[in-house]
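1. Just a sequence and a predicted model for now, questions to come.
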Amino acid sequence: MILKILGSSSKGNCYILENDTEALIIECGVNIFDIKKALNFSFAKVSGCILTHEHKDHSLSVSNLLQFGCPVFTSRGTMRALGLPVDHHRLNTIAAGKVFQVGPFKVLPFEVKHDVVEPLGFIINHPDCGNVLFITDSYYVEHTFKNLHNVIIEANFSQAIINAKVEAGSSPEFLRNRIFKSHMSIETCKKTLLANDLSKVQNIVLVHLSDGNSNAVEFKKDIQEATGKIVHVADAGMTITLNRKPF
Ligand SMILES: [Zn+2]
Ligand SMILES: [Zn+2]
């Protein structure tokens, strides 16, 4: 199974999990043309798109996907916030704790903590990649997870970098408070990872890094040292093999 990264920042987030015959779109916060191009201009193997929340950097192309006949799965709160017609036949309401099926992908949504109505995280299961944990735009996660094979998790900023900026007067206090209550720091990312059994995990993919408040090289090193796992820092255009076992 391949993870294609179309975007992973406040400018746009979109991931495609695919093998030769099947594909799942995770978030659609990039231009629809980029999504079509990544799919070689065919939705034939796409089972659907799962969407965590309404912010434009995650949901930009949701209406286009529905127009193209691509089923979209998201929470009722997110649908309402986006002004989507809840009775649309391609739109599927999902809720925390209730497993649903998108073609060959089995998905368990769970609650996350973000400054929106009803944001979700996902555990995505497919025989090729096992259980893939997907967490973005969440300053904290209450749950722990079993039997993970791959992890995609937000590492938006470094508390140390932001604290230094506030002390130096180059970043206002209110902004720090907003970021700390909406996005996941590398410090929380590390704690979240270490709270889980990572013994079967093959890959950790760090996503949604902030332009000014992160350090990709240090984040990667930090998580690699803490977990002993293969760590990737997501960037647009990147592809990563997410399998269940190492080759
Ligand atoms: Zn975001
Ligand atoms: Zn957001």
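-> Okay, I see it. Ligands and ions are numbered 1, 2, ... in the order given.
2. near ligand 1, which residues of the protein?
-> Residues of the chain lying near ligand 1 by CB under 5 Å from the ion: 57, 137. No exception for glycine: its C-beta is placed from N, CA and C like everyone else's.
3. which secondary structure elements does the longest helix along the chain contact?
-> Assignment by DSSP state H gives helix 216-227 as the longest helix of the chain. Applying 3 or more CB pairs under 8 Å, 6 or more residues apart in numbering; DSSP states H and E, we find helix 216-227 packed against helix 186-194, strand 203-207, strand 230-233.
4. which other residues reach the worst-scoring helix or strand of the chain on mean pLDDT?
-> Ranked by mean pLDDT, DSSP states H and E, the weakest helix or strand in the chain is helix 173-180, scoring a mean of 92. When contacts are defined by CB atoms under 8 Å, 6 or more residues apart in numbering, helix 173-180 is touched by residues 115, 139, 156-157, 159, 162-163, 165-166, 210, 213.
5. For that helix, buried residues please.
-> Neighbour counts using 16 or more other CB atoms under 10 Å place 176, 179-180 of helix 173-180 among the buried residues.
6. residues near the closest residue to residue 66 other than its chain neighbours, how many?
-> Nearest residue to residue 66, sequence neighbours excluded (CB to CB, 6 or more residues apart in numbering): residue 90, at 5.0 Å. Counted with other CB atoms under 10 Å, residues neighbouring residue 90 total 15.
7. got the residues of this protein near ligand 2?
-> Taking CB under 5 Å from the ion, the part of the chain that reaches ligand 2 is made up of 55, 137.
8. Between the buried residues of helix 173-180, which sits nearest ligand 1?
-> Comparing these against ligand 1 with CB to the ion places residue 179 closest, at 11.5 Å.
9. got any ranges where the protein has weak pLDDT?
-> Within the chain, the ranges that satisfy pLDDT under 70 run 246-247.
10. Shouldn't residue 196 be within a helix?
-> No. Under the criterion used here (DSSP: H, G, I helix; E, B strand; the rest coil), residue 196 is coil, not part of a helix.
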